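Undergrad: the sequence and its predicted three-dimensional model are supplied below.
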Amino acid sequence: MLTSESYAELVNKVYSRSRQEGNRSYPVACFEIFMLAQAQQRASRKEADLFRQLGEIFDWNMSRRQRNAYVKKLLAGSTLILTDLSKTILWTSRNFLTMTGYSHKEAIGQTPRMLQGPDTDPATLLRVRESLRRANPVKADLLNYRKGGESYLCRLQIDPLYDNNGELTHFLAVENEVK
């Protein structure tokens, strides 16, 4: 069995030969796709590990089953957004950029209001705010706006997170674009 290093050497030899001949060989393209998929899987695992670390740092009172359900949603492509009690964004998953067009740096320190616009339903916003004020979980479909101004329908579920002392510490939103 070839190691990834020896496979890379073999592919580089084939790639060099194919470049000299003026064409691109099939194995090189396959290898590039394979390496990209591997990098994406590593990034997803790193992000899941970071989410688990956040749970440990903030001492969330969350069962292993709950934590694994969030990680599963994260790995399945859902966008996760962690806010403090004042609804300031502290962390977003990588999928936030894909869904909204905003980078992590642009989102951190902002509130989710940055995603709302002229056609965002005020009644839905009020229902979400009231549920969070009472520290109740809430599900809603909300019209949000990407960085470029394009609207999209977002299905969100926001859960209050408590520490092991029973104190409310954060809110975690799991969001998916409805197509």
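TA: Nice, I can see it. A quick note: this is a predicted structure, and the numbers were derived from the prediction, not measured.

Undergrad: pLDDT on the top helix by length along the chain, on average?
TA: As assigned by DSSP state H, the longest helix anywhere in the chain is helix 26-57. The average pLDDT within helix 26-57 is 83.

Undergrad: can you list the residues that contact whichever helix or strand comes after it?
TA: As assigned by DSSP states H and E, the chain's next helix or strand after helix 26-57 is helix 64-75. The contact list for helix 64-75 (CB atoms under 8 Å, 6 or more residues apart in numbering) reads 44, 47-48, 51-52, 55, 80, 93, 95, 172, 174. Heads up, the C-betas are built off the backbone N, CA and C, glycines and all.

Undergrad: secondary structure class for the residue nearest to Leu115 when sequence neighbours are not counted?
TA: Distances taken as CB to CB, 6 or more residues apart in numbering place Asn144 nearest to Leu115, at 4.1 Å, with adjacent residues excluded. Put simply, Asn144 is strand when judged by DSSP: H, G, I helix; E, B strand; the rest coil.

Undergrad: beta partners of Asn144?
TA: Judged by DSSP bridges, the bridge partners of Asn144 are Tyr152.

Undergrad: ok, it - contacts?
TA: Residues in contact with Asn144 (CB under 8 Å, 6+ apart) are 100, 115-117, 120, 151-154.

Undergrad: can you redo these as CSV with neighbour count and distance to Ala76?
TA: Output for the contacts of Asn144, formatted as CSV (neighbours: other CB atoms under 10 Å; distance: CB to CB, whole Å):
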residue, neighbour count, distance to Ala76
Thr100, 26, 18
Leu115, 24, 21
Gln116, 16, 25
Gly117, 14, 27
Thr120, 16, 26
Ser151, 13, 24
Tyr152, 15, 18
Leu153, 12, 18
Cys154, 22, 16
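
Undergrad: break the chain into its domains for me.
TA: Here the domain parsing of the chain from automatic domain parsing is 1-57, 60-178.

Undergrad: state the mean pLDDT of the last one.
TA: The one in question is domain 60-178. 96.

Undergrad: re earlier: from the contacts of helix 64-75, keep the buried residues only.
TA: Buried members of those, counted by 16 or more other CB atoms under 10 Å: 44, 47-48, 51, 55, 80, 93, 95, 172, 174.

Undergrad: how far away is Trp91 from Val138?
TA: Distance, Trp91 to Val138, using CB to CB, to the nearest Å: 20 Å.
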